[in-house]
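**Q** Quick check, what structure comes out for this input:
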Amino acid sequence: MRQNPGGGPGKRNTNMIGISMDSGMTFSIGTAIASLTFFYAWHKDSKETTKQIQKLETEVEQLKEHKQDIRDLKREFSELKDDVVNMSNTLARVDTNVSHLMKQQQHNN
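**A** Predicted coordinates:
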């Protein structure tokens, strides 16, 4: 049997609940508990990281769709602008033709 430091012969090293343990055994249990705690914390962090990655991937997809929508709108606005320019040119020609007709009518009267 081991002796406790400062204790008499025959005394055993006991924990708080009175179970005798060797100090090497206590270290092993402590290491196992620490390892399990570390694994649990890592696993929990890993799950949170996975959730964050999934959320970010979803946001990226939404941004890609938004970007495509903006491109489509830009293309449509460009087409509308071209149509407005064509209408403006057509109206300018009509105005010019009306002005010539009015001058001819005034000239004929």
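**Q** residue contacts, residue 83?
**A** By Cβ atoms under 8 Å, 6 or more residues apart in numbering, the contact set of residue 83 is empty. Placement of C-beta: from N, CA and C, glycine included.
**Q** that's a strand at it, yeah?
**A** No - counting by DSSP: H, G, I helix; E, B strand; the rest coil, residue 83 falls outside a strand, being helix.
**Q** separation between it and residue 92?
**A** Going from residue 83 to residue 92 by Cβ to Cβ, to the nearest Å gives 15 Å.
**Q** Check residue 61 too.
**A** The spacing between residue 61 and residue 92, counted by Cβ to Cβ, is 47 Å.
**Q** now residue 49
**A** Taking Cβ to Cβ, one finds residue 49 at 63 Å from residue 92.
**Q** again, but for residue 35
**A** Where residue 92 is concerned, residue 35 sits at a distance of 84 Å (Cβ to Cβ).
**Q** Having no further points to raise, I will conclude here.
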